[in-house]
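Enquirer: Structure for the following, please:
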Amino acid sequence: MFFIFSVILLLTILFFTALYFPADENSSEQKIVQIPPGTNARQIVKILEDNEIIRKNNYVLRLLLRLSRLEDRLKYGEYKLSPGMNLVQILEKIIRGEVVAYQITIPEGYNCEQIAELLEKKEIASKEAFLKLVKEGERSWEGYLFPDTYEVPKRYGAERMFKMMLDNFNQKTEDLKQKIKPEGLSWEGIIILASLIEKEAKYNEEKNIVSSVFYNRLKINMKLQSCATIQYILGQPKERLNEADLNVDSPYNTYLYYGLPPGPICNPGLDSIKAALEPADTEWLYFVLGPDGRHIFTKTYEDHLKNKM
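Expert: So this is what the prediction gives:
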């Protein structure tokens, strides 16, 4: 009887020692360990062994996973693990899904196609899946995906990334929606105009002035004639537009059609949205890019032509 008790006590001590004592308690080295989707518990143990996070032939972990039925709670992804962590700490991290997060910056002025390409390149989400969510039936969410720096794990997924960007937009613009809209524009109209300002004005201090030019044109029923809308139609940016480009038949062509285009041409940042809501008080009707990269604003077409030469 004493022998059996001693054996049970010894096994218990060994079991808890294996659980709470790390493979290398002196190690502070951290490794990125990849657990692919569909990996079962046995394979996860093998991955941890191969990466020298746990001891080889770790039957204690295999037994624990089997007895505790934790297999279905283990989450795939990239984990930052160390041989200095014990089995309990490692398991807690994988069960909670505490995966490595990466920063991804969506630049202001990117359209949804560019965002989708960047997400796929960074292994965050499938380009095709993301664009499918953006272009939902007849509705497009172009303009409403907030450009910002996000911290997400790899393979985060199109649906979650799309929702995060949309929620961020709603949160960042919540107060702005309540502001009085110039010229009776709707909120949708503000975002469309903001997207034009985003693409036309490189410097923040010019955005309110560019905004005023567009409003001044709208007031007198003058075509907006924004080159940015032509670039959007073409898909691939051109250094210089020609006459054929300006005559492409599209509702987005502000050289052919009056008023705002039917939707945003990019996803504008907060400064461009504010500029669409608060245009400067000017009489300018024209602007052209100067040699220093800043715009030259004029009231008459004659002066505009001189600045273009």
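Enquirer: Quick check: the spatially most central residue of the chain vs T149, distance?
Expert: Centroid-nearest residue in the chain: I106, 5.2 Å away (criterion: CA atoms, centre = their mean). Distance, I106 to T149, using CB to CB, to the nearest Å: 8 Å. Every residue, glycine included, has its C-beta placed from N, CA and C.
Enquirer: what's the closest non-adjacent residue to L218?
Expert: Nearest non-adjacent residue to L218, counting by CB to CB, 6 or more residues apart in numbering: E183, 6.0 Å away.
Enquirer: do the same with G290
Expert: Spatial nearest neighbour of G290, excluding adjacent residues (CB to CB, 6+ apart): I296 at 4.8 Å.
Enquirer: Run through the bridge partners of the one you found.
Expert: Bridge pairing for I296 (DSSP bridges) gives the partners V288.
Enquirer: just so I have it, where are all the strands in the stretch 1-150 of the chain?
Expert: In the stretch 1-150 of the chain, the strands defined using DSSP state E, counting those that start in this stretch lie at 31-35, 77-81, 102-105, 135-136, 139-140, 149-152.
Enquirer: Of all the ones you listed, which one is nearest S212?
Expert: Closest to S212 of the strands of the stretch 1-150 of the chain, according to CB to CB: strand 139-140, at 27.5 Å.
Enquirer: What residue spans form the domains of the chain?
Expert: Residue ranges for the domains of the chain, per automatic domain parsing: 18-96, 102-172, 181-308.
Enquirer: Now render those as CSV, adding mean pLDDT.
Expert: Compiled in CSV, the domains of the chain are given as follows (pLDDT from 0 to 100):
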stretch, mean pLDDT
domain 18-96, 79
domain 102-172, 95
domain 181-308, 94
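Enquirer: follow-up on the earlier one: ok but the residue nearest to L218 is inside a helix, no?
Expert: Yes: according to DSSP: H, G, I helix; E, B strand; the rest coil, E183 belongs to a helix.
Enquirer: ok, now which ones touch it?
Expert: If you count contacts by CB atoms under 8 Å, 6 or more residues apart in numbering, E183 has them with Y215, L218, K219.
Enquirer: which secondary structure element contains the second one?
Expert: When elements are assigned from DSSP states H and E, L218 belongs to helix 204-219.
Enquirer: and after that helix, which helix or strand comes next?
Expert: Following helix 204-219 in sequence, per DSSP H and E, is helix 227-234.
Enquirer: From the contact counts, what lies against the next helix or strand after that following helix?
Expert: Moving toward the C-terminus from helix 227-234, the next helix or strand (DSSP H and E) is helix 243-246. Judged by 3 or more CB pairs under 8 Å, 6 or more residues apart in numbering; DSSP states H and E, helix 243-246 is in contact with helix 227-234.
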